[in-house]
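Colleague: Sequence first, then the predicted structure, then my questions.
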Amino acid sequence: MNTLSSQRISIIGAGFAALTAAKELRKRLPSADITLIAPAPEFIYYPSLIWVPTGLRSGDDLRFDLRPWLTQHKLNFHAGRVTGLGNGGRTVLTDSGEIQNDALLIASGGRFIKKLPGIEHTLTVCEGISAAQAMRERLQTMQGGTIAIGFGTNPNEQGAMRGGPMFELLFGIDAWLRQQGRRKAFELVFFNAATEPGKRLGEKAVKGMLQQMASREITTRLGHKPQGFETDGVLTDKGKIPADLILFMPGMTGPDWAANTGFTLSAGGFFQADAQCRVTNAQGVYVAGDAGSYPGPDWLPKQAHLADLQAKAAAQNIVAELQGRTPAARFTPELICIVDTFNSGMLVFRNESRSLVLPPMRIFHWAKRVFEWLYLRSLRK
């Protein structure tokens, strides 16, 4: 086996989990050969994409060149799109060559399920800056009409969804239109297949969300399962919801190259992992963030905070395995988020023993902005 100073560690991805793991590994293995693999050496601060449609942020505010950060932490970078894995994960296959490793962390994120007919008539904010900017352009040109906002899930893995940003868009657009004096010209409609949307946040959070919708005169279509989309509306099992603009977050699944790895995948198409973030039946291969399916409570979220916790545990276990020790680190099942409303925010916290929801306050909106500033500042250093 290679010495620790010459061992090669590959990290697939350039998001929250990938950067957190890279820092943790560099701290614990100062001389290891660590390589990030992603299409481009850039980081997108996805949590703030919700502010692009209403003009609080631009795309350039959220895109960062990682090359100085990579140099600072003595990390290598391989530009390429992953197409699969070989040799039990010891080889990462990309469209620009192969990378060999002694340990691998998959932190590539997942992808959205785009199977519903007519889904091209919708916009998905978490697809990236271009989608968020397209929302901005549509909202600026609309003089009135109906905006339908909703999210879906993975039918084979119900927790594989990202509903929080859609609540934020819903409340943020409402507040933005009111600020402009244009709210009366619009109808906002929230639709979802569940009768209690956002239940992973906890029953208190669901109640608070629905109360917010009622107080803001937002129409709800709950228990309406989306079956497709048209240019002028959402098709559901209970009829059509007319709409001039449809903002929809589909359910999630694993990366498109996951099937070309030979590893066990979950029912929803994610890399199946154990409590230590090890990929099932794989040696020296770990997963953190949205690409994985993990044991734990059914409310485990797909969010940056949990991805960071998983990345730290995975990094510690990679080091342990490389050093011949038994990997024992586990991530804490925990949900922390601020559901932003453009000028205020609702704090939601949940772990295995308690659940907490605090009503909308301006201080939480500013807390979210401060956290963004601190995180991005760490990349600029």
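Modeller: Thanks, I have it. Everything quoted here is computed from the prediction, not taken from an experiment.

Colleague: Helix or strand: which one has D298?
Modeller: With secondary structure defined by DSSP states H and E, D298 is part of neither a helix nor a strand.

Colleague: Skipping its backbone neighbours, what lies nearest R57 in space?
Modeller: Spatial nearest neighbour of R57, excluding adjacent residues (C-beta to C-beta, 6 or more residues apart in numbering): W51 at 4.1 Å. For every residue, glycine as well, the C-beta is placed using N, CA and C.

Colleague: which residues touch the one you found?
Modeller: R57, G172, D340, F342 (C-beta atoms under 8 Å, 6 or more residues apart in numbering).

Colleague: Just the buried ones among these, please.
Modeller: The neighbour count (16 or more other C-beta atoms under 10 Å) marks R57, G172, D340, F342 as buried among the contacts of W51.

Colleague: Kindly indicate which of those residues lies nearest P255.
Modeller: R57 (26.8 Å; C-beta to C-beta).

Colleague: So that closest one is in contact with I44, correct?
Modeller: No - with contact defined as C-beta atoms under 8 Å, R57 does not reach I44; the gap is 11.5 Å.

Colleague: residues touching A18, list them.
Modeller: A18 neighbours (C-beta under 8 Å, 6+ apart): I11, I12, L36, A38, L105, A107, S108, G289, A311.

Colleague: what about the first one, which SS state?
Modeller: In this case it means I11. Secondary structure for I11, judged by DSSP: H, G, I helix; E, B strand; the rest coil, is strand.

Colleague: related to what we said a few turns ago, please flag which of the buried ones among the contacts of W51 sit within strands.
Modeller: D340 (DSSP state E).

Colleague: Which single one of the buried ones among the contacts of W51 is nearest to E157?
Modeller: Nearest to E157 among those, with distances taken as C-beta to C-beta, is D340, at 26.6 Å.

Colleague: What segments of the stretch 1-150 of the chain are strands?
Modeller: 8-12, 33-38, 42-44, 63-65, 76-79, 82-86, 91-94, 97-100, 103-106, 111-112, 145-151 (DSSP state E, counting those that start in this stretch).

Colleague: where exactly do the helices run in the stretch 251-381 of the chain?
Modeller: Using DSSP state H, counting those that start in this stretch, the helices of the stretch 251-381 of the chain run over 304-322, 362-380.

Colleague: Any buried residues in the first one, and which?
Modeller: Taking 16+ other C-beta under 10 Å as the basis for neighbour counts, the residues of helix 304-322 that come out buried are 304, 306-322.

Colleague: What of stretch 344-364?
Modeller: In terms of neighbour count (16+ other C-beta under 10 Å), stretch 344-364 has its buried residues at S344, G345, M346, L347, V348, F349, R350, V357, P360, F364.

Colleague: Can you get me a residue count around G262?
Modeller: By the criterion of other C-beta atoms under 10 Å, G262 has 13 neighbours.
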